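In: No sequence on hand, only this structure:
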């Protein structure tokens with residue numbers, strides 16, 4: 001199933017999130033693998049600071065596997081079905097793992113690209129220079 005996620009970055013967590021994305025460690029240890037990085041590449045940032053993305057999840061409870069990874073950095077505001085459960089080929093048993101290559105949320109994802117700004121670009125420009133400077137200082141002090 002696909003979900004529309006809305007979240008705010010927790011105060012003070014942007015540099016750590018940027019570092020985890022930059023180093024490819026976001027979601028490390030999760031069965032969802034690189035999905036976290038892909039989600040952030042497509043996430044959009046609204047003017048009010050809300051980050052939105054479409055997430056694929058096969059858990060019986062939405063984002064049961066992913067939630068702890070996201071909650072390290074985000075306050076999750078909402079997790080909504082991104083399309084009709086009735087039409088989900090994975091959920092209705094027509095095709096196992098159908099969400100992996102499904103385009104059922106294409107319109108929603110297109111709509112998201114027209115909203116706000118690319119989250120990852122903003123996060124990296126705002127937070128990553130700070131994290132690199134911290135890393136440089138840490139190495140210098142060692």
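Out: Thanks, I have the structure now. Remember, predicted model here, so these are calculated numbers, not experimental data. Numbers count the residues shown, from 1 in each chain.
In: C-terminal to the helix or strand residue 70 falls within, what's the next element?
Out: Assigned by DSSP states H and E, residue 70 belongs to helix 67-71. As assigned by DSSP H and E, the chain's next helix or strand after helix 67-71 is strand 74-81.
In: quick one: the helix holding residue 70 to chain centroid distance?
Out: Distance of helix 67-71 from its chain centroid, counting by C-alpha atoms, centre = their mean, to the nearest Å, is 10 Å.
In: try stretch 9-23
Out: From the chain centre to the centre of stretch 9-23 is a distance of 12 Å (C-alpha atoms, centre = their mean).
In: Then stretch 62-81?
Out: Stretch 62-81 has its average C-alpha position 9 Å from the chain's average C-alpha position, going by C-alpha atoms, centre = their mean.
In: how about the strands of this structure, start to end?
Out: For the chain, the strands defined by DSSP state E cover 2-9, 44-45, 51-56, 74-81, 117-118.
In: Show me what the third one is packed against.
Out: Using 3 or more C-beta pairs under 8 Å, 6 or more residues apart in numbering; DSSP states H and E as the contact criterion, the neighbours of strand 51-56 among helices and strands are strand 2-9, helix 35-42, strand 44-45, helix 106-113. Bear in mind the C-beta positions are built from the backbone N, C-alpha and C, glycine included.
In: and if we set it to 10 Å?
Out: Judged by 3 or more C-beta pairs under 10 Å, 6 or more residues apart in numbering; DSSP states H and E, strand 51-56 is in contact with strand 2-9, helix 35-42, strand 44-45, strand 74-81, helix 106-113, helix 119-141.
In: Could I get the average pLDDT for it?
Out: Averaged over strand 51-56, pLDDT sits at 91.
In: That strand - which strands sit beside it in the sheet, and in what orientation?
Out: The pairing partners recorded for strand 51-56 under DSSP bridges are strand 2-9 (antiparallel), strand 44-45 (antiparallel).
In: among these, which gets the worst mean confidence?
Out: Of all these, mean pLDDT reaches its minimum on strand 2-9 (a mean of 93).
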